[in-house]
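Enquirer: I would like the atomic coordinates for the input below:
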Amino acid sequence: MSDSRRNFLKRSGLLGAGILAGRTGASGQHQGHVPPQPQTPPKKPVPQSSGGATVLIETPDVAKLPWTLDNGVKVFHLTAEVVKTTLLPGREMYGWGYNGSVPGPTIEINEGDRVRIILHNKLPEPTTIHWHGLEVPLNMDGAPFISQPPVEPGGTFTYEFTLNQNGTFFYHSHGAMQEMMGMIGLFIIHPKKPHTPYCHKDFGLILQEWALLPNNLVPNSLAMEFNWLTINGKAGPATTPMIVKQGERVRIRMVNLGMDHHPMHVHGNQFYVTGTEGGRIPETGWFPGNTVLVGVAQARDIEFDAVYPGDWMLHCHLPHHMMNQMVSMVGPISHAGHGTQTGGGMEEGMGIVRQGHALSEDMAPKFGRGMGDSTEQERNTSNIVGPNGQQGRMNMQQDASKKRVPGYPQDMIMIMDKEVAKPHTYGLPPGWTASMMGMMTLIRVLPPNMYDEVQRRIKAGIIEPPAAVPGHKHGP
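Expert: Presented below is the predicted three-dimensional model:
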């Protein structure tokens with residue numbers, strides 16, 4: 001192993017005394033907002049836990065599935081059902097999930113456990129559960145008609161097996177369209193002996209995508225284009241931030257089940273990829289980066305030492321996955337003759353037939369938007385979405401100089417600080433939600449005093465949205 005890798009892996013035991021010196025409490029920095037700190041690596045070691053105890057996983061916005069013990073067997077109940085869920089304040093959706101959740105609740109167990117999982121089907125059609133990546137007997141694999149009969153509506157099926165693996169796995173329906181309706185959940189198996197280096201925080205995230213027409217609450221499971229992207233069932237800025245104390249080592253497990261691959265990027269930190277849906281990668285196979293591609297039906301575990309304080313973004317870097325309610329900004333443009341039409345809307349992109357038939361000219365390939373003045377020749381629309389559809393709009397001045405800029409307008413923002421406030425967002429700067437859309441969340445690396453204050457608020461359920469501070473300006 002190289003010296004650089006060895007030094008990287010040792011950093012979880014190091015903290016800079018200079019970084020910690022002189023830090024004030026949560027009330028001292030504009031409701032606890034932490035200003036940017038210089039990226040100075042720590043220099044002096046401080047005592048830290050050497051590990052040993054299993055750190056339970058945290059799955060923001062998703063509950064864990066409870067279990068009972070029956071003669072040494074852990075017994076779980078999963079109910080497949082239609083679920084009305086909220087992606088973002090003001091945007092509801094009917095998905096299919098488990099136990100009232102999309103995605104389903106997290107199953108967390110230990111290597112060597114024997115489990116019994118009883119499926120109750122409350123869907124209007126048959127279903128099964130596949131245990132993705134698990135080595136189970138064929139009759140427990142969940143492939144309908146091959147390993148078991150489909151579970152009919154109102155029926156039950158009992159899965160039982162012993163777990164001889166550890167790592168990041170997941171369960172999902174083995175009906176393709178049911179998968180696209182949201183039927184997936186994490187299945188985390190902790191090793192008999194915790195891996196090294198020891199991780200103080202362990203998070204699990206599920207990446208999903210949805211095609212939702214305006215004023216329609218049911219996603220189109222046949223779509224090839226998507227306008228809502230979620231992490232653990234929430235679109236930014238409604239995703240709950242991950243809270244980390246400065247100096248802790250962090251593991252983040254990401255699972256993807258959809259139609260698109262997702263290059264997941266972490267701001268301000270470098271990590272090692274340490275695991276896949278096949279389990280832990282031997283240390284000699286770890287590789288560094290700050291962006292990891294999480295492919296369809298894959299899991300990726302990343303680990304890093306949180307030595308730099310800040311509110312660091314974690315997001316898919318596909319540009320169209322960094323938005324909410326993406327729609328075409330111009331309507332149909334009349335055209336004559338041959339060539340590719342412009343002005344195609346979201347309906348065409350998602351294969352929705354409104355009139356005519358699927359092979360009509362209306363459904364032919366076309367560009368999605370005009371440029372420059374052509375955006376004004378049709379109609380002014382907005383891709384902004386949220387409560388009342390008005391709050392936080394940018395002041396889009398309709399002056400002639402802007403109209404002449406090719407491609408204008410592009411990015412638009414919406415501030416929803418109050419609507420998505422929770423204890424985990426305490427101390428974020430006013431307007432922080434304007435930067436958070438689509439498949440985005442935050443890793444908040446907090447100095448000890450601020451970390452303790454946020455944890456106190458989480459336990460007490462204290463919600464306080466940020467307030468503007470006179471004379472204070474964030475950014476340039």
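
Enquirer: buried set for the longest helix seen in the chain?
Expert: Criterion DSSP state H: the longest helix present in the chain is helix 448-460. For helix 448-460, a neighbour-count test (16 or more other CB atoms under 10 Å) marks Asn449, Met450, Tyr451, Glu453, Val454, Arg457 as buried. No exception for glycine: its C-beta is placed from N, CA and C like everyone else's.

Enquirer: send the alpha carbons of that helix over as CSV?
Expert: The C-alpha coordinates for helix 448-460 follow below in CSV (Å, rounded to 0.1, in the frame of the first residue of the first chain):
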residue,chain,number,x,y,z
PRO,A,448,-18.0,19.9,18.2
ASN,A,449,-19.9,22.8,19.7
MET,A,450,-22.2,23.2,16.7
TYR,A,451,-22.5,19.5,16.3
ASP,A,452,-23.7,19.2,19.9
GLU,A,453,-26.2,22.0,19.4
VAL,A,454,-27.7,20.4,16.3
GLN,A,455,-28.0,17.0,18.0
ARG,A,456,-29.7,18.7,20.9
ARG,A,457,-32.2,20.2,18.6
ILE,A,458,-32.8,16.9,16.8
LYS,A,459,-33.5,15.2,20.1
ALA,A,460,-35.8,18.0,21.2
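
Enquirer: Show me what that helix is packed against.
Expert: Helices and strands touching helix 448-460, as assessed by 3 or more CB pairs under 8 Å, 6 or more residues apart in numbering; DSSP states H and E, comprise strand 242-245.

Enquirer: Looks like Phe187 contacts Phe170 (just checking).
Expert: Yes - look at Phe187 against Phe170 with CB atoms under 8 Å: they come within range, at 5.3 Å.

Enquirer: Please enumerate the helices of the stretch 101-250 of the chain.
Expert: 176-180 (DSSP state H, counting those that start in this stretch).

Enquirer: between Phe187 and Phe170, what contacts are shared?
Expert: Contact criterion CB atoms under 8 Å, 6 or more residues apart in numbering; residues shared by Phe187 and Phe170: His132.

Enquirer: and the residue nearest the centre of the chain, what is it in contact with?
Expert: Nearest to the mean C-alpha position of the chain, counting by CA atoms, centre = their mean, stands Ile231 at 1.9 Å. By CB under 8 Å, 6+ apart, the contact set of Ile231 is Leu205, Ile206, Leu207, Thr239, Met439, Met440, Thr441.

Enquirer: try 7 Å this time
Expert: Leu205, Leu207, Thr239, Met439, Thr441 (CB atoms under 7 Å, 6 or more residues apart in numbering).

Enquirer: Tyr272 now?
Expert: Per CB under 7 Å, 6+ apart, neighbours of Tyr272: Trp286, Phe287, Pro288, Ile302, Glu303.

Enquirer: now the second one: how far from Thr276?
Expert: In this case it means Phe287. Look at Phe287 and Thr276: by CB to CB, to the nearest Å, they are 12 Å apart.

Enquirer: With the fourth one instead?
Expert: For Ile302, the distance to Thr276 equals 11 Å [CB to CB].

Enquirer: higher neighbour count, these two?
Expert: Ile302 (26 against 18; other CB atoms under 10 Å).

Enquirer: re the thing from before, any idea how far the longest helix of the chain is from the chain center?
Expert: 23 Å (CA atoms, centre = their mean, to the nearest Å).

Enquirer: again with stretch 162-174
Expert: With CA atoms, centre = their mean, you get 20 Å for stretch 162-174.

Enquirer: Mean confidence (pLDDT) on that stretch, please.
Expert: For stretch 162-174, the mean per-residue pLDDT is 98.

Enquirer: which other residues reach it?
Expert: In contact with stretch 162-174 (CB under 7 Å, 6+ apart) are residues 107, 109, 111-115, 127-135, 142-144, 179, 183-191, 253, 255, 257, 275, 277, 279-280, 299, 301.

Enquirer: Name the residues of it that are buried.
Expert: By 16+ other CB under 10 Å, the buried positions in stretch 162-174 come out as Leu163, Gln165, Asn166, Gly167, Thr168, Phe169, Phe170, Tyr171, His172, Ser173, His174.
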